[in-house]
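In: Any chance you could fold what I've pasted below:
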Amino acid sequence: MDERLWTDRALADGEAIAAAGCRISRSGTGHQTLVSGDLTAAISMLAPDAPLLGFAEVSDTPEQAIRIARDHALLVTSNPVQEDPGWHSAGFALSDAGNRFACLDLAGHGAMDVLAHGLASAAPVGSPSAALYFVGLPVLVTGTRTGLKLWVDQAHLTYLTGFIARIGRNAGPAFDS
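Out: Numbers count the residues shown, from 1 in each chain. Modelled structure (predicted):
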């Protein structure tokens, strides 16, 4: 055995995994900015049409703020934020998140089932925060009209892809195009 040969890989663009009545694929992530402090002031200044989303909440707008904690959010916008990183007198701080988060679309009636495979307890339906631990890793979960979006740190994408593929092996084909 050669431990340098990695067999797991991240989900590539255009590739999908089928698992538990759900199709998982990568989707665009827009421009990402981490916001701390007065979220209302930051959102109204930077993306006034962006809703502040909690667990599995749905937004049809390209701009959205995904709540991580009471005073922290990931702001996802179509265009880069024009304000400088750091503290702002309106009571918030900005940090460019680059492309830190990858986004997995979980589409289909089994989206919550796939999510449940990686949770230690029941999904926090109605939570104002989109943050939770999925297979022991911090993720953000927002909703779509057809399922869920799982926002995950790029560094954990290969691990999560492998985990979801193993669910798929037990519930149908693992990878399809």
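
In: Let me see the residues that make contact with the top helix by length along the chain.
Out: Looking across the chain with DSSP state H, the single longest helix is helix 157-171. Contact with helix 157-171 is made by 8-11, 17-21, 24, 102, 104, 110, 114, 117-118, 134-135, 137, 150, 152, 174-175, as judged by Cβ atoms under 8 Å, 6 or more residues apart in numbering. Using the backbone N, CA and C atoms, a C-beta is placed for each residue, glycine as well.

In: The same query, at a cut-off of 7 Å, please.
Out: 8-11, 17-20, 24, 102, 114, 117-118, 135, 152, 174-175 (Cβ atoms under 7 Å, 6 or more residues apart in numbering).

In: And those residues, which of them are buried?
Out: Listed as buried from the contacts of helix 157-171 are 11, 17-20, 24, 102, 114, 117-118, 135, 152, 174; burial here means 16 or more other Cβ atoms under 10 Å.

In: What does the pLDDT read for residue 12?
Out: For residue 12, the model assigns a pLDDT of 79.

In: count of residues packed around residue 108?
Out: For residue 108, the count of nearby residues is 18 (other Cβ atoms under 10 Å).

In: Report the helix or strand with the lowest average pLDDT across this structure.
Out: strand 175-176 (a mean of 40; mean pLDDT, DSSP states H and E).
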